[in-house]
Each structure stands twice: as C-alpha cells, then as structure tokens.
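S.K.: Coordinates for the following, if possible.
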Amino acid sequence: MRKFTLLFEELDSTTKSNEKIEALVRYFNSETFQNISIALKFLFGERIPRIASPKELRAWVSEISGVVPWLMEESYEFVGDLAETVSLLVPPGQCGTLNLSICDVVNNYLRPLHGMEESVRKQKIIEIWNRTQGNELLLINKMLTGGLRVGASKRLVLKAMSRWQNLPEELIATRAVGAWIPSEESLIALITPELDGKTLLPKPFSLASPLDVEVNQLGEECDWSVEWKWDGIRAQIVKTAEGVTIWSRGEEVINHSFPELVDVLADIKNENFILDGEIVVWNDSEKLPAPFSVLQKRLGRKNVSRKIIIDNPIKFIAYDLLHVGDSDLVESRLEQRKCELKSLFKKGVLTESLFKLSSEIEFQSWEELKSIRSTARKMKAEGLMLKKISSSYVFGRKKGHWWKWKLDPFKLDLVLMYAQSGHGRRAGLFSDFTFGIWSHDGKLLPLAKAYSGLTDVEMKKINTFVRKNKIGKFGPVVHVKPELVFEVAFEGIQISARHKSGYSLRFPRISRIRDDKLMKDADTIASLENLLKTIEI
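M.R.: Model prediction:
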C-alpha cells in the first residue's frame, strides 16, 4: 500500500495537471502490473463492494477506542468524513505493520469479507486497523466506506497511461470504456499497441464546451452545423453481429432500461455501426420530446414493465455515426459522418419507429440564430448545439470544436432553512443548504437543496451566520433561523409529491446572496406556478 499511498499524497498535494501526470507515470514505472490493475479501479473512480456499513464501522471503532457512541457521533459530525474520523480514533497498533501491497489489501483482506457475517468482518477489519497507520490506514478506510477519491480525473489518468506507454490517448480511452475488471490480462489488453480480433467498442464521448463568447465571434455561419440540445440521456449504440449494447455517457450499459430499442436493433442483420445520440421519451401528438422527468420513470429499474414501455415510448435521436461496416469514422469531418448517418436512414437500416435523425437548423445570420434559440423552450429543448462541420470526433472537450449554447436558467429568490456539513475539502463546513418558498397561506416550505455557487469567502460568511442562528437540529441537519435570502438558479420545475412544497427544481445551484432582500420579499408558490406555466411542462 505504501506506493499507492505516496501516489495519493502526491496527487492531493498539487493542482497542476502536469505534476499529477508525472506522479502517475512514476507510479506506473515503479509498480507491478498486478498492483497497477488494482489501483486503476480506484484511479478510474470506481469502488469495490462495501464491506461494512457506516453504523458498523462507528460501533467497532467506538468499542476498540473507548470513545462513547455520542462522542463518536460528535467527532464524525465535526470531521465530516467517516473514514478520516475512524483513522483518527483507532488506537496505535501494537502488532507491527502489515506492509501489504494494494493487491494484497483488496484481494486478500477486503474482497473476501464481502457478504460474511458481522463477527468475521469485524475481526478482520480490526486486525487491519491494528496493523496499519497514517495515510495507509486512511486509504484503507476510504476503500471500506466506498469514499476513496484520488486527486485526478479518469481523463488525466488516461493521459498519464498514454505517456507511460507512448500510445495514443484515444486508443487507451476507447479500451477503458466501461467498468474496469482488475487483472494483469486486462492491463496488458489496455496498453498493447496492436490487438488481435475486431471487437467493436464504444468511443469515449466527445463533449461540448459552454459558449463563453459572443456567437458572432465564431466566424462564418456556413462553417457551423446547429442542432437542438435535447434534455435526455446521451448514449452510444454499438451494433455488431454479436449483439447490441447501449452505453450511457457514464460508461454504463443501459440495455435494461430500453429493451424495445435492443430488440429492434437485434433484428438488423449484417450491419456494424456505432451511433451517438440522445434517448428521449417521445410525445407523438406534439412531435417533440417529453420532459426529462418522464424519462426518469424508465431509469433506475432492473426491469421495465410493458406498461411503462407503452406509456413512455422512446426515440433515439441520432446525432453522429462513429463507425460503420469496417470503417472507423472518428477522424472524418462531421459533414462526412452526417452524410453516412443519413444513408442509414435512407437505406431503411434505421427506421422512424424508434429512431429520428437530428435535424440541422437552417439560419442565414447569427442574429437569426439568436432569435431561433429564444424558441428553444417551445421545442422542449435546453438550447442549441453548435458544431464545426470540419470537426473530428475527439475524446472529451476540445474548446472551439463543439459549443453548447444553453438558455439562461430560471431563478427564484428563496429563504435559507437548513444546513448540513459537507465532506472532503468542505468537511467541517456547512455546505449543503436547503431553501424554502412561501406557501399560499404564508408558511415557509422546503423547495430545493443546493451546495454549489458560493465562493470561499461567501461560504465562510454563511457558516458564521448558521452557527449563530441555529434554532434546532435533526441528526447532522441544522435548522436555521429563516432570514437570509438567496437567488437560486435552476433548469426546470417538476411536480413532486415527495416535497412539502409540491414541487422540485432541476439542477438547482446558488446564484448569489440577496443581501438587498428581506425574507418576506422572497418568492411564493404563486410566483413559481406562474413560472411553471411559461415552461410548459
């Protein structure tokens, strides 16, 4: 574990990407393939199955440390991170150190405990606690709790592997799509320059940057392809003779959510292709997508019933074609890829039953496009996508390559009601806030929870206010004297039976503190309902 711990410390000690890449390359050069394969599980942001519940871990550490349960809970609330709290409270070991590799820790100590009786798990974990210390103990505890996060994104890790093996980053990224299965064989397959076989893999998604310049600064209008930005699930479909796989942008297989799409594609013979597009629930009467909240009825289920399929019919809106037949198209120009995509529709390979070609928006000037963008909500779209017709399909975001020009968010002035401590960098700080709206009869009702949007200075100011104005406590949640007003930005409103207000906000975030407003001047349910009418859910 020592080498992985040193890597963790190096990644955590710098914000510079090049220094992180250099640290990763040094680690790869110093470690065995077996240990690297295990480390990649965590470096790619994945977890091992949870070995013990938070309640069990708190009870065990309370027992061996002599810290009474209520003090254990207070310590956890103050520190804000269970793994760190446990590491601080575990008494210094008396049995010497284990001096194990990351492979030994995961394969010989942690994984075999999954599903075992509590007494067995408790004995083994206490043994690990007694024989590890410092940051090694902290990392093991983070593995136990499923909270291990390293200071590097998967994209940065792939860059480091590319430099380590002197291979194209896109090649490694393509092979790394999906859940990582740690083994020497998997690692060898990931970094071998040439592989036998023609398994068709999904491509790392090409992403758009938020438009941060005036649109008329993008140059000639004829250099750009413009489409609606739909609010669905971005996905890639890999169709081969072996079968059909639908991949989400989070690199998960989502076939179970859209079985009718899999069935239709399975009936297509003698065709190999990779499609990039958006899955939406389709409203046939309006010829437009339904809100994302309708699509959510299909998500998070192991099986989608016949009734859900009938009540919530989907379409795959095809944006791009990344592979067809034996030809890889990612290096081709967008206009060529779109031409190939259109041919799949013309030949009848893709039909209008479940597929729809994303139509290009015709415009003569940037001013005209601004006017078109203003109609996005009527089209049930989030805004526009602007793509250079000369662009290839690149991994990640390449600024100036694709832009997303979203509509300005909706905003409401809401009152701070509750606060909760955060985790990680914000451990010990109140950083998760619940905001309320005035009901028709003058009561303040919870509407939205938000934790992003404040600067460090503003966060310090709000924390001072919360500590001085506590009026109650429910576990880790502090009830705050209702006084401060915040402008909260969001993307949409959904009717919700789970919220006392009867509504929930989509992607809420703090826009600014409204020091100029009194709490009585905050928004009401009536103003929210008037706004809802304009959104046309």
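S.K.: Residues in contact with stretch 115-127: which ones?
M.R.: Stretch 115-127 has contacts (CB atoms under 8 Å, 6 or more residues apart in numbering) with I51, A52, E56, L57, W60, I64, C95, Y109, L113, L144. To be clear about C-beta, it is placed using only N, CA and C from the backbone, and glycine gets the same treatment.
S.K.: For the helix or strand bottoming out on mean pLDDT in the chain, enumerate the helices and strands it packs against.
M.R.: The helix or strand of the chain with the lowest confidence, counting by mean pLDDT, DSSP states H and E, is helix 69-79 at a mean of 79. Contacts defined by 3 or more CB pairs under 8 Å, 6 or more residues apart in numbering; DSSP states H and E place helix 69-79 against helix 54-65, helix 82-89.
S.K.: Which positions in stretch 101-109 come out as buried?
M.R.: Going by neighbour count (16 or more other CB atoms under 10 Å), the buried part of stretch 101-109 is S101, I102, C103, D104, V105, V106, Y109.
S.K.: For that stretch, which outside residues touch it?
M.R.: 1, 3-4, 32, 34-35, 38-39, 41, 48, 98, 100, 124, 128, 140, 143, 182.
S.K.: For the host helix or strand of I437, name the packing helices and strands.
M.R.: Assigned by DSSP states H and E, I437 belongs to strand 430-438. For strand 430-438, the elements it packs on are strand 410-421, strand 444-450, helix 456-468, strand 485-490, helix 525-535, judged by 3+ CB pairs under 8 Å, 6+ apart.
S.K.: In this structure V488 contacts P508, no?
M.R.: Yes: with contacts defined as CB atoms under 8 Å, V488 counts as touching P508 at a distance of 5.3 Å.
S.K.: which neighbours do the two share?
M.R.: Contacts common to V488 and P508, judged by CB under 8 Å, 6+ apart, are F435, A448, A450.
S.K.: Next, the contact list for the second one, please.
M.R.: With contacts taken as CB under 8 Å, 6+ apart, A448 has the following neighbours: L414, T434, F435, V488, F490, S504, L505, P508.
S.K.: Out of the contacts of stretch 115-127, which one has the lowest pLDDT?
M.R.: Within those, C95 has the lowest pLDDT, namely 55.
S.K.: give me every residue that touches the spatially closest residue to A241 that is not a sequence neighbour.
M.R.: Once flanking residues are discounted, A241 sits nearest to N272: 7.1 Å by CB to CB, 6 or more residues apart in numbering. Residues near N272 by CB under 8 Å, 6+ apart: L200, K239, T240, A241, H323, V324, G325, D326.
S.K.: pLDDT score for N272?
M.R.: The model's pLDDT for N272 equals 90.
S.K.: what do you get for N108?
M.R.: For N108, the model assigns a pLDDT of 84.
S.K.: Next one: it relative to L334, how far apart?
M.R.: As judged by CB to CB, to the nearest Å, N108 and L334 stand 50 Å apart.
S.K.: where do the helices sit along the stretch 1-150 of the chain?
M.R.: 2-12, 17-30, 33-43, 54-65, 69-79, 82-89, 102-103, 118-130, 134-145 (DSSP state H, counting those that start in this stretch).
S.K.: Show me what the first one packs onto, helices and strands only.
M.R.: It refers to helix 2-12. helix 17-30, helix 33-43, helix 134-145.
S.K.: repeat that for 6 Å
M.R.: Under the contact criterion of 3 or more CB pairs under 6 Å, 6 or more residues apart in numbering; DSSP states H and E, helix 2-12 touches helix 17-30, helix 134-145.
S.K.: so what's I233 up against?
M.R.: Contacts for I233 were tallied using CB atoms under 6 Å, 6 or more residues apart in numbering; they are I279.
S.K.: For it, list each beta-bridge partner.
M.R.: The partner list for I233 in beta bridges (DSSP bridges) reads I279.
S.K.: if I look at it, how far off is K16?
M.R.: The separation that I233 has from K16, given CB to CB, amounts to 34 Å.
S.K.: residues contacting the nearest residue to E360 once chain neighbours are set aside?
M.R.: Leaving aside its chain neighbours, E360 sits nearest to S225 (5.5 Å; criterion: CB to CB, 6+ apart). S225 makes contact with E360, K387, I389 under the criterion CB under 6 Å, 6+ apart.
S.K.: go with 8 Å
M.R.: L334, E335, K338, E360, L386, K387, K388, I389.
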